[in-house]
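1. Structure here, sequence nowhere to be found:
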């Protein structure tokens with residue numbers, strides 16, 4: 001992988017700073033940053049840059065959003081495997097309740113500090129893409145729908161979940177109101193959800209709102225309240241950093257509330273996000289600092305966003321957590337101008353977000369690359385938690401050498417693998433332990449081969465188990481759980497040689513292709529204190545479903561209540577459902593696909 005010294009030296013030499021002369025600014029590529037696609041091209045076209053937009057933004061930039069013809073589509077072939085599941089099996093529970101093959105991914109989950117049986121979850125939710133209703137003027141609702149955030153509530157400890165929207169569009173279920181068009185808001189699309197509770201049991205959601213082909217974008221926050229029956233209602237959104245500037249895009253936000261009764265800032269709500277900045281003259285990437293805003297009135301208003309983490313201004317993937325004394329810690333992946341590698345960083349505030357410390361580097365990392373025998377986008381963003389005694393934990397994924405266990409060389413997924421690691425601080429983040437493997441037994445193992453031989457594919461690709469997208473949760477009694485995906489299975493997958501472009505091509509293949517090795521994912525949870533670990537997914541997931549294997553999210557999540565019960569939450573592809581409407585296209589009855597659902601498993605060990 002190219003060094004950070006080169007990354008940021010190139011950033012200066014290519015003219016990515018605003019102080020360039022006109023002659024310098026006119027040299028090199030230019031980008032149309034009025035569109036998502038142009039902004040993504042600018043970031044991806046910056047030589048050596050490891051920082052990327054969220055997978056949601058990248059996927060939305062690729063999505064044409066085209067509406068379909070009147071003719072009903074009967075797929076020639078639907079890609080599948082006899083190894084795929086037909087339903088999510090117990091003890092796993094499907095959290096989203098849609099019935100028409102809508103995808104969901106990118107999971108966030110929280111437990112009410114006053115009621116361990118009340119669990120709030122959220123995910124990117126494309127359910128409006130499957131609605132059967134018609135908009136005024138005759139456009140199918142599924143053509144006007146888009147990526148958005150679904151929220152789901154359980155009042156029985158995760159055994160059952162409420163509430164799905166109705167296919168005719170007459171009920172939005174618990175889709176967040178007021179952000180996207182079909183929910184009464186001003187934006188084409190939204191997503192990247194995060195959720196939290198304050199000390200009074202009020203829920204908060206944070207997510208993005210944006211247009212694909214125009215500059216407007218924002219970070220949105222909604223407050224949720226529960227009635228006596230446990231029904232959740234969401235407020236209208238409060239918009240943070242709402243902008244129409246082509247040179248700015250908000251991305252990858254996260255939210256945390258101070259639920260600590262003894263904190264001087266009790267119930268203050270903190271939101272962090274990445275502000276991507278572009279040169280307005282040529283559209284080239286300049287930097288991506290982490291921003292913070294906070295609210296002391298229940299999310300009705302927020303402070304002006306401030307840059308935190310300077311001089312690590314080439315950053316992404318921030319997450320805030322709040323300690324028992326009200327100290328706010330924000331973790332992110334980032335780099336300074338002259339760094340050789342990116343690092344997991346931490347900054348903190350002891351005055352309720354009024355000011356933040358200079359960043360402390362937890363550890364250097366090597367950004368993980370797409371997994372061996374997989375195609376979906378990955379990242380090395382951190383996931384933190386703070387214990388009741390103030391100990392800090394942060395987990396991330398790094399590319400490690402199979403032979404030495406050290407940081408791998410650039411672009412190495414053949415003799416290297418992705419490993420979920422964590423570090424701990426016992427002095428408020430001043431110093432950190434050396435990174436440790438979260439799942440050492442999985443890390444030492446090779447993937448299990450299933451389904452061989454296949455036509456033209458006699459044997460499996462031998463590779464170490466990849467673990468990635470970790471999550472961390474700590475109970476009020478101090479029990480520390482961590483979790484992550486584990487690519488611990490490999491099997492044959494028959495590809496599509498030709499077919500229509502997306503979105504129809506995500507379902508219909510005209511000519512089948514040859515077989516390739518395909519990594520499948522399980523989900524694992526460990527108790528850090530005891531070292532005990534479990535595979536909690538009932539069946540491995542095939543990531544080639546729905547988005548063509550390119551997008552299953554950016555993260556997974558984990559929460560734990562006062563009863564020490566963890567709630568692991570991930571994207572799973574083992575449910576089959578019939579598709580009727582998808583992105584404005586009508587499919588014939590009986591078009592059955594494996595869909596991306598969001599699934600939870602609860603336990604205590």
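-> Okay, I see it. Owing to the predicted nature of the structure, the values given are computational and were not obtained by experimental measurement.
2. Just list the residues touching residue 200, thanks.
-> 114, 267 (C-beta atoms under 8 Å, 6 or more residues apart in numbering). The C-beta positions use only the backbone N, C-alpha and C, and glycine is treated the same way.
3. and it, that's in a strand?
-> No. Assignment of residue 200 by DSSP: H, G, I helix; E, B strand; the rest coil gives coil, placing it outside any strand.
4. Quick check: the gap between it and residue 179.
-> 24 Å (C-beta to C-beta, to the nearest Å).
5. Okay, helices next: where are they in this protein?
-> Taking DSSP state H as the criterion, the chain contains helices spanning 4-13, 22-26, 36-44, 55-62, 141-144, 440-444.
6. list the buried ones in the last one?
-> Along helix 440-444, these residues count as buried under the neighbour rule (16 or more other C-beta atoms under 10 Å): 442, 443.
7. now what about it, what contacts it?
-> Surrounding helix 440-444, the residues in contact under the criterion C-beta under 8 Å, 6+ apart are 417, 419, 437, 464, 465, 467, 486, 488, 524, 533.
8. contacting residues for the fifth one?
-> Applying C-beta under 8 Å, 6+ apart to residue 465 gives the contacts 417, 442, 443, 445, 446, 447, 486, 487, 488.
9. how about a cut-off of 6 Å?
-> In this structure, residue 465 makes contact with 442, 445, 447, 486, 488, judged by C-beta atoms under 6 Å, 6 or more residues apart in numbering.
10. hmm, which of those residues are the buried ones?
-> Using 16+ other C-beta under 10 Å as the burial test, those include 442, 447, 486, 488 as buried.
11. Can you pick out the most distant pair from those residues?
-> 442 and 447 (10.0 Å; C-beta to C-beta).
12. need the strands for the stretch 351-500 of the chain, in chain order.
-> 360-364, 383-386, 392-401, 416-425, 436-437, 448-449, 466-474, 480-498 (DSSP state E, counting those that start in this stretch).
13. mean confidence for the fourth one?
-> Going back to what we said before, that points to strand 416-425. Averaged over strand 416-425, pLDDT sits at 97.
14. And for the first one?
-> Across strand 360-364, the average pLDDT comes to 98.
15. Show me which residues of it are buried.
-> Neighbour-count burial for strand 360-364, with 16+ other C-beta under 10 Å as criterion, is recorded at 360, 361, 362, 363, 364.
16. what's in contact with that strand?
-> 341, 343, 344, 345, 346, 394, 423, 429, 432, 435.
17. Now do it against strand 416-425, angle only.
-> Relative orientation of strand 360-364 versus strand 416-425 (axes from the mean of the first three to the mean of the last three C-alpha atoms, to 10 degrees): 150 degrees.
18. so what strands line up beside strand 360-364?
-> strand 343-349 (antiparallel) (DSSP bridges).
19. So what touches the partner strand?
-> Here strand 343-349 has contacts from 308-309, 312, 327-332, 334, 356-357, 359-364, 382, 396, 429, using C-beta under 6 Å, 6+ apart.
20. That one vs strand 392-401, what angle?
-> Using the same axes, to 10 degrees: strand 343-349 against strand 392-401 is 170 degrees.
21. Would you mind listing the buried residues in strand 343-349?
-> So strand 343-349, judged by 16+ other C-beta under 10 Å, has buried residues 343, 344, 345, 346, 347, 348, 349.
22. Return the member of those nearest to residue 129.
-> Checking those against residue 129 with C-beta to C-beta, the nearest one is residue 344 at 35.3 Å.
23. could you measure that closest one against residue 367, distance?
-> 11 Å.
24. Likewise for residue 234?
-> As for residue 234, its distance to residue 367 is 35 Å (criterion: C-beta to C-beta).
25. again, but for residue 213
-> From residue 213 over to residue 367 the distance is 29 Å, taken as C-beta to C-beta.
26. Which one's more surrounded, these two?
-> Neighbour comparison, residue 213 and residue 367: the larger count goes to residue 367, with 22 against 13 (by other C-beta atoms under 10 Å).
27. Wait, that one touches residue 49, no?
-> No. Taking C-beta atoms under 6 Å as the definition, residue 367 is not a contact partner of residue 49, at 10.4 Å.
28. Distance to residue 220 added to the strands of the stretch 351-500 of the chain, as JSON lines?
-> As requested, the strands of the stretch 351-500 of the chain are arranged in JSON lines below (distance: least, C-beta to C-beta, whole Å):
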{"stretch": "strand 360-364", "distance to residue 220": "30"}
{"stretch": "strand 383-386", "distance to residue 220": "22"}
{"stretch": "strand 392-401", "distance to residue 220": "26"}
{"stretch": "strand 416-425", "distance to residue 220": "30"}
{"stretch": "strand 436-437", "distance to residue 220": "37"}
{"stretch": "strand 448-449", "distance to residue 220": "42"}
{"stretch": "strand 466-474", "distance to residue 220": "23"}
{"stretch": "strand 480-498", "distance to residue 220": "27"}
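29. And the ones you listed: which comes nearest residue 460?
-> strand 448-449 (3.5 Å).
30. how about residue 601, what does it touch?
-> 92, 536, 568.
31. Save those as TSV, and put in neighbour count, distance to residue 562 and pLDDT too.
-> Below are these laid out as TSV (neighbours: other C-beta atoms under 10 Å; distance: C-beta to C-beta, whole Å; pLDDT from 0 to 100):
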residue	neighbour count	distance to residue 562	pLDDT
92	22	23	98
536	20	21	98
568	29	17	98
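32. Let me know the closest of those to residue 597.
-> Distances from residue 597 to the contacts of residue 601, taken by C-beta to C-beta, are shortest for residue 92, at 9.8 Å.
33. Look up how far residue 570 lies from the closest one.
-> 9 Å.
34. go on, residue 546?
-> Taken as C-beta to C-beta, the span from residue 546 to residue 570 is 15 Å.
35. out of those two, which sits in the busier spot?
-> Taking other C-beta under 10 Å, residue 546 and residue 570 do not tie; residue 570 has more neighbours (32 against 25).
36. surely that one meets residue 525?
-> No. Counting by C-beta under 6 Å, residue 570 stays clear of residue 525, with 10.2 Å between them.
37. For residue 579, report the pLDDT, please.
-> Value listed for residue 579 in the pLDDT field: 95.
38. check contacts around it.
-> So residue 579 contacts 101, 587, 591, 593 (C-beta under 6 Å, 6+ apart).
39. Excluding chain neighbours, give the residue nearest to it in space.
-> residue 101 (4.0 Å; C-beta to C-beta, 6 or more residues apart in numbering).
40. pLDDT wise, what is the one you found at?
-> 93.
41. In contact with it, which residues?
-> 577, 579, 593, 595.
42. again, but for residue 258
-> So residue 258 contacts 265, 266, 268, 322, 326 (C-beta under 6 Å, 6+ apart).
43. circling back to that earlier point, nearest to residue 157, of the buried ones among the contacts of residue 465?
-> residue 486 (25.1 Å).
44. May I have the beta-bridge partners of that closest one?
-> residue 467, residue 522.
45. if we can go back for a sec, with distance to residue 97 added, can I get the buried residues of strand 360-364 in a markdown table?
-> Below are those laid out as a markdown table (distance: C-beta to C-beta, whole Å):
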| residue | distance to residue 97 |
| --- | --- |
| 360 | 43 |
| 361 | 43 |
| 362 | 39 |
| 363 | 40 |
| 364 | 43 |
